[in-house]
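Visitor: Here you go, sequence then predicted model.
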Amino acid sequence: MKIGIMQPYFFPYLGYISLIKHTDEFMLFDPVQFIRHGWIERNRILKPGEGWQYISVPLQKHEQTTKIQDIKVDNSQPWQDKLIAQLAHYKKRAPFYNQTLDVIKSGLTEKTDSITKLNYNTLKSTCQYLDIPFNCSVFSERNLKIEPAKAPDEWALNICKALKYAEYWNPPGGMDFFDAKKYEDAGIKLVFQKPILEFYSQRRGPENFIPGLSIIDVMMFNDVPTINQMLNNYELITKSR
């Protein structure tokens, strides 16, 4: 049994969704300090013409030390309408524009001012569309008793120990962050899932292809079976002490 643990991202890229698909449980980790201008409140889509642009969720003012679980969305702004407007240019070129818009609107249906809950909802609607089991939980809602983390890489370790998971999967970007010895000593296999981001047509020509955009872009241009093939295309890297 394997678990993936990530902070709650807003319509994340393909690799994040692949981690959800290929683990037995996925946990949104939100008891740590929120860092501005990451992937929690924004992501990237194509820009009209060329290049890319951000889509984002406005947040209420908060202290620098505020935890992710306490970050509030500023719903006084019509940000949902702005998001839909930013996607309008896809309509002329993307064959799955209407289906993707339905996924987005479904994820935004439930009114919430919690950024964690908002991202949970949008991830759920995305996975439902892609026929991916969504066995996802939120750390701050679990009341899970774990050992205190003495180092940043021990949060995942202690969660695995508390839930008795044999494997922990993480994106490859965090490989240097983890002390493999700690995991080996606890009998937990530490695995890094490296997605292979292949070309797909963005109706701009191969030379202008931009990989790693939000899953929104992937859904705009590809049907569900094709996206699942993409999600299955990855390499596993293990790290030993």
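Guide: That came through fine. Numbering: from 1, shown residues only.
Visitor: Buried ones in the longest helix anywhere in the chain, by neighbour count?
Guide: Using DSSP state H, we find that the single longest helix of the chain is helix 115-129. Residues of helix 115-129 classed as buried by neighbour count (16 or more other C-beta atoms under 10 Å): 115-127, 129. C-beta coordinates here come from the backbone N, C-alpha and C atoms, glycine included.
Visitor: in this protein, which ranges drop under the pLDDT threshold?
Guide: Within the chain, the stretches falling below the threshold (pLDDT under 70) are 241.
Visitor: residue boundaries of the strands in it?
Guide: Using DSSP state E, the strands assigned to the chain run over residues 2-6, 25-28, 42-46, 52-56, 136-138, 167-170, 189-195, 234-238.
Visitor: would TSV of those strands with distance to Asp81 be doable?
Guide: Supplementary listing: the strands of the chain in TSV, determined by distance: least, C-beta to C-beta, whole Å:
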stretch	distance to Asp81
strand 2-6	28
strand 25-28	26
strand 42-46	16
strand 52-56	12
strand 136-138	27
strand 167-170	36
strand 189-195	32
strand 234-238	36
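Visitor: Redo those strands as CSV? Include distance to Ile159 and mean neighbour count.
Guide: Compiled in CSV, the strands of the chain are given as follows (distance: least, C-beta to C-beta, whole Å; neighbours: other C-beta atoms under 10 Å):
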stretch, distance to Ile159, mean neighbour count
strand 2-6, 6, 21
strand 25-28, 7, 20
strand 42-46, 25, 21
strand 52-56, 29, 15
strand 136-138, 10, 17
strand 167-170, 8, 21
strand 189-195, 13, 19
strand 234-238, 19, 13
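Visitor: any idea how far the most far-flung residue of the chain relative to its centre is from Leu157?
Guide: Relative to the centre of the chain, the most outlying C-alpha is that of Asp185, 29.1 Å out, by C-alpha atoms, centre = their mean. For Asp185, the distance to Leu157 (C-beta to C-beta, to the nearest Å) stands at 10 Å.
Visitor: Then Gly205?
Guide: Gly205 is 45 Å from Leu157, where distance means C-beta to C-beta.
Visitor: Comparing those two, which residue is more hemmed in?
Guide: A direct count of neighbours by other C-beta atoms under 10 Å for Gly205 and Leu157 places Leu157 higher, at 22 against 8.
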